[in-house]
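Visitor: okay, here's the prediction I keep looking at, along with the sequence it came from:
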Amino acid sequence: MAADSGNKPSANGGKAPAPNSGSVAKRLPRIALVFLVALVYRQLQAPPPKIPGTPGGPPITSPRIKLQDGRHLAYYESGVPRDQAKYKVIFMHGFDSCRYDVIRVSPELAQELGIYVLSFDRPGYGESDPHPGRTTKSLALDIEQLADAMELGPKFYLTGFSMGGNVMWSCLKYIPHRLAGVAILGPVANYWWSGYPANVSREAWNVQVAQDKWAVGVAHHAPWLTYWWNTQKFFPGSSVISFNPAIMSREDMALIQAKFGYRTYAHQVRQQGEYESLHRDMVVGFGKWSWSPLELEDPFPNGEGKVHLWHGAEDLIVPVGLSRYISQRLPWVRYHELPTAGHLFPIADGMPDVILKSLLLGDDE
């Protein structure tokens with residue numbers, strides 16, 4: 001009869017051999033490092049945007065135009081009908097805003113002068129498709145295509161507020177031949193633009209609260225870290241994103257309490273996600289520019305149009321010192337400083353009419 005191998009004693013006295021775990025132990029640190037890198041990488045990557053009109057994305061509720069690259073821009077019209085307008089103005093909204101945050105000219109002035117205002121969602125905001133390849137030049141070209149699609153004619157007026165004001169400099173550089181006049185309102189400035197004396201940029205830099213120095217510095221020096229920096233919970237990100245009252249002037253706080261109740265559409269602003277709207281704004285606006293607005297030449301050398309720059313002296317969000325210096329450096333810019341105003345002066349009672357009359361008729365009207 002054959003022997004039962006299951007009962008055969010082992011050579012070491014019946015004990016099973018110990019597993020050779022040395023190679024596993026040596027690999028554990030490498031495995032842990034790979035896991036840690038993967039975890040960090042995942043934390044740094046923003047989730048994909050929720051593109052309007054696609055599965056899982058927000059619905060499309062506004063008219064849109066299609067750009068040459070296939071993207072769409074959602075727009076909003078106000079003032080008199082386009083075909084009856086004498087003055088056609090494109091308005092560029094600011095940071096954390098959308099097409100409905102338009103300069104609100106009074107019906108009386110719109111009718112008197114024949115003013116038509118076209119505002120649109122900048123890429124990644126509201127119902128406009130995101131543009132991961134956005135640059136300082138691309139949005140100026142988007143505006144030109146928008147004007148052509150809406151048949152605004154060979155020339156039109158531009159007005160931009162805050163981060164939208166920042167884009168006005170790009171329009172002056174890349175599409176000056178299409179502009180009849182420009183009003184730049186409380187524009188975000190890039191502290192690293194060439195041409196600023198060190199003391200001017202340093203003084204403006206120090207107006208910011210500490211958390212904004214970090215958030216802006218990250219957007220400039222480490223743009224790949226911007227999403228993580230402004231979404232992690234270890235320390236505060238941008239105070240503008242978090243609505244920190246410390247950056248609001250007295251007039252700004254009063255305007256928020258009086259005016260922001262009408263923003264029933266506020267949920268639309270970030271509905272595609274914060275990265276392709278807020279964070280992309282920061283990366284482009286505070287990034288490394290290949291040119292500087294301080295180097296621009298007069299876009300209207302024959303006086304056929306004007307560039308107006310407005311800023312509140314009490315602005316705690318965008319330091320006024322940088323706009324002051326630009327106006328001194330560029331003599332063709334007409335500078336308007338409001339001594340008691342903060343950042344939100346364009347929504348103060350009567351200010352839209354003052355700004356547009358100055359742009360369209362001149363400062364003497």
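Guide: Yes, it's here. What you see is a predicted model, and the numbers here were worked out from it, not measured in a lab.
Visitor: where along the stretch 201-350 of the chain do the strands fall?
Guide: Counting by DSSP state E, counting those that start in this stretch, the stretch 201-350 of the chain has these strands, from start to end: 307-312, 333-338.
Visitor: so which of those strands is the most packed in?
Guide: Of all these, strand 307-312 carries the top mean neighbour count, a mean of 24, counting by mean count of other CB atoms under 10 Å. C-beta: built from backbone N, CA, C; applies to glycine.
Visitor: pairing partners for that one, with directions?
Guide: Using DSSP bridges, the strands paired with strand 307-312 in its sheet are strand 179-185 (parallel), strand 333-338 (parallel).
Visitor: columns mean pLDDT on top of those strands, output as TSV?
Guide: Below are the strands paired with strand 307-312 laid out as TSV (pLDDT from 0 to 100):
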stretch	mean pLDDT
strand 179-185	98
strand 333-338	98
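Visitor: could you dump those to a markdown table with distance to P346?
Guide: Written out in a markdown table, the entries for the strands paired with strand 307-312 read as follows (distance: least, CB to CB, whole Å):
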| stretch | distance to P346 |
| --- | --- |
| strand 179-185 | 5 |
| strand 333-338 | 10 |
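Visitor: closest to D101 out of those?
Guide: Distance to D101, taken as CB to CB, is lowest for strand 179-185 among those, at 11.9 Å.
Visitor: what does the closest one rub up against?
Guide: Outside strand 179-185, the residues that touch it by CB atoms under 8 Å, 6 or more residues apart in numbering are 155-162, 165, 168-169, 171-172, 299-300, 304-311, 345-346, 355-356, 358-360.
Visitor: one step back: in JSON lines: the strands of the stretch 201-350 of the chain, plus distance to F260.
Guide: Listed next are the strands of the stretch 201-350 of the chain as JSON lines, based on distance: least, CB to CB, whole Å:
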{"stretch": "strand 307-312", "distance to F260": "17"}
{"stretch": "strand 333-338", "distance to F260": "20"}
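Visitor: quick one, which of those is nearest to D148?
Guide: Taking CB to CB as the criterion, strand 307-312 is the member of the strands of the stretch 201-350 of the chain that comes nearest to D148, at 22.4 Å.
Visitor: output the below-cut-off pLDDT ranges for the protein.
Guide: With pLDDT under 70 as the threshold, the chain has low-confidence stretches at 1-44, 364-365.
Visitor: ok so, going back, the contacts of strand 179-185 in helices, which ones?
Guide: Among the contacts of strand 179-185, the members falling in helices are 165, 168-169, 171-172, 355-356, 358-360 (criterion: DSSP state H).
Visitor: closest to G133 out of the residues you listed?
Guide: If you rank those by distance to G133 using CB to CB, C171 comes first, at 18.4 Å.
Visitor: neighbours of the closest one, how many?
Guide: As a burial measure, the neighbour count of C171 was computed by other CB atoms under 10 Å and equals 24.
Visitor: the spatially closest residue to it that is not a sequence neighbour: what's it in contact with?
Guide: Nearest residue to C171, sequence neighbours excluded (CB to CB, 6 or more residues apart in numbering): A140, at 4.6 Å. When contacts are counted by CB under 8 Å, 6+ apart, A140 touches 167, 170-171, 173-175.
Visitor: same check, this time on P47
Guide: Neighbouring residues of P47 by CB under 8 Å, 6+ apart: 273, 275.
Visitor: what about it, distance to K137?
Guide: Relative to K137, P47 is positioned 27 Å away (CB to CB, to the nearest Å).
Visitor: do the same with V354
Guide: In this structure, V354 lies at 31 Å from K137, with CB to CB as the measure.
Visitor: closest one of the ones in helices among the contacts of strand 179-185 to Y265?
Guide: Nearest to Y265 among these is G165, at 21.4 Å by CB to CB.
Visitor: quick check: closest non-adjacent residue to that closest one.
Guide: The shortest distance from G165 to any non-neighbouring residue, by CB to CB, 6+ apart, is to P187 (3.0 Å).
Visitor: bridged to the nearest residue to A341 once chain neighbours are set aside, which residues?
Guide: Using CB to CB, 6+ apart and skipping the chain neighbours, the partner closest in space to A341 is G312 (3.2 Å). Following DSSP bridges, G312 is listed with bridge partners L338.
Visitor: ok, G312 to P48 distance?
Guide: Between G312 and P48 the distance, using CB to CB, works out to 37 Å.
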